[in-house]
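[1] With the sequence up front, the predicted model follows.
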Amino acid sequence: MSSDLLDALNALEEQKGISRDVLIEAIEAALVTAYKRNFNQAQNVRVDLNLDKGSIRVFSRKDVVEEVEDDRLQISLEDAKAINPAYQLEDIVEQEVTPRNFGRIAAQTAKQVVTQRVREAERGLIYEQYVDREDDIVTGVVERLDARNIYVGLGKVEAALPINEQIQGESYHPHDRIKVYITKVERTTRGPQVIVSRTHPGLLRRLFEMEVPEIYEGIVEIKSIAREAGDRSKISVYAHNEEVDPVGSCVGAKGARVQTIVNELNGEKIDIVEWSEDPVVFVANALSPSKVLDVQVNEEEKSTTVVVPDYQLSLAIGKRGQNARLAAKLTGWKIDIKSETDARELGIYPSATSTFIPADDEESDFDDVAVDLYQDDEE
């Protein structure tokens, strides 16, 4: 048994990275428990496992005392000196108490310990592999569904996609391949548990990093994201190189890049706007696709009043206020939208401090791609 076990431990150390010494310590501790359980013994014992010699020995350990109160744990000084005259009070006397048939029990126990430690090591490796991938995107296969979760196979681990992380209206079926965003990896008694999401804004960020080389290389930076998963999102981008068009880079030729992401998210509308440190410009851009005439800023309240053409008011607000709500999340500014007529009647437009944003009637490449995506916003 010892030769086979030694070979197994050496192989595990090489293949799984589990220290042989650690395994031997675990086996010895398990053998102590097995000895006490199988032989009804309560004394203090030590197991010596010598794989090189092929021996397994059990030793009882007793404290040397003047007066014995428990002969399972203590031995008198007189009896200790009978064993070895060198013993003194408070020494520990060890005597071999190895049962005759302990080898069979030891072999079974060693196998159980090794199996358990291998399982723990594999779980640890899987945990280490995926904990480093938190906030990353992965492709998995839908394996099964229940009332609360969808379980996505990621290779060696099965990730849970909770119902609150699923896109409303999106259907999932076994064997479907989907991209998911890893939000949390944690240890449990059953092994590593991976939680993934389809609604997290990070999924949108990672998709753009995959599809847009300028973002991946750091030439274009995603500054902020506002997302209502499955319906509509806004993303602000900024180019560190003045010669690079950040919005055009994300849109791609004839909208190819953004359309790939839209398809992955099953038709989710995506507004790509240019970020600016000037809140006037940024808020005006964030209200895309609506045209903006003027943005007035209240720095103290971190709020803005936006004036739009009368015919663009519904588009600026969006269906159920969605466009304005997402623009506010994207910019971090409160946004109050006024039609041009109302603003003039209130005397707030034009004003001495007004900053005019020209209504640009030229359509961008993205307008060509997305024009049909926004036609229902005025309804």
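    Yep, that arrived. Numbers count the residues shown, from 1 in each chain.

[2] which element is the residue nearest to residue 261 when sequence neighbours are not counted on?
    In this structure, residue 261 finds its nearest non-sequential neighbour in residue 207, 4.7 Å apart by C-beta to C-beta, 6 or more residues apart in numbering. Every C-beta, even on glycine, is put in place using the N, C-alpha and C of the backbone. Under the criterion of DSSP states H and E, residue 207 resides in helix 201-211.

[3] pretty sure residue 8 contacts residue 114?
    Yes: because the distance of 6.5 Å satisfies C-beta atoms under 8 Å, residue 8 is recorded as touching residue 114.

[4] the more surrounded of the two?
    residue 114 (19 against 16; other C-beta atoms under 10 Å).

[5] Can you name the element that comes right after the helix or strand hosting that one?
    Following DSSP H and E, one finds residue 114 within helix 102-131. Using DSSP H and E, the helix or strand that follows helix 102-131 towards the C-terminus is strand 137-145.

[6] As PDB, could you dump the C-alpha coordinates of that next one?
    What follows is strand 137-145, C-alpha atoms only, in PDB (Å, rounded to 0.1, in the frame of the first residue of the first chain):
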ATOM      1  CA  ILE A 137     -17.100  38.700 -20.200                       C
ATOM      2  CA  VAL A 138     -17.200  35.000 -21.100                       C
ATOM      3  CA  THR A 139     -19.200  32.900 -23.600                       C
ATOM      4  CA  GLY A 140     -21.100  30.000 -22.100                       C
ATOM      5  CA  VAL A 141     -23.700  27.400 -23.000                       C
ATOM      6  CA  VAL A 142     -27.100  27.300 -21.400                       C
ATOM      7  CA  GLU A 143     -27.300  23.900 -19.600                       C
ATOM      8  CA  ARG A 144     -30.500  24.000 -17.600                       C
ATOM      9  CA  LEU A 145     -33.200  26.200 -16.300                       C
END
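
[7] Show me what that strand pairs with in its sheet, parallel or antiparallel.
    strand 149-153 (antiparallel), strand 177-188 (antiparallel) (DSSP bridges).

[8] mean confidence for that strand?
    For strand 137-145, mean pLDDT is 95.

[9] Which of the residues in that strand are classified as buried?
    The neighbour-count check on strand 137-145 (16 or more other C-beta atoms under 10 Å) flags 137, 138, 140, 142 as buried.

[10] can you give me the offset of that strand from its chain's centre?
    15 Å (C-alpha atoms, centre = their mean, to the nearest Å).

[11] Find me the pLDDT at residue 352, would you?
    67.

[12] What angle do strand 177-188 and the helix or strand encompassing residue 262 make with each other?
    Using DSSP H and E, the element containing residue 262 is helix 256-264. Orientation check (axes from the mean of the first three to the mean of the last three C-alpha atoms, to 10 degrees): helix 256-264 against strand 177-188 gives 70 degrees.

[13] So which bits of helix 256-264 are buried?
    Neighbour count says helix 256-264 has 257, 258, 259, 261, 262, 264 buried, by 16+ other C-beta under 10 Å.

[14] now the end-to-end length of stretch 263-280.
    32 Å (C-alpha to C-alpha, to the nearest Å).

[15] one step back: what's the helix holding residue 114 packed up against?
    Where contact means 3 or more C-beta pairs under 8 Å, 6 or more residues apart in numbering; DSSP states H and E, helix 102-131 is packed against helix 2-15, helix 20-38, strand 55-65, strand 177-188, strand 191-197.
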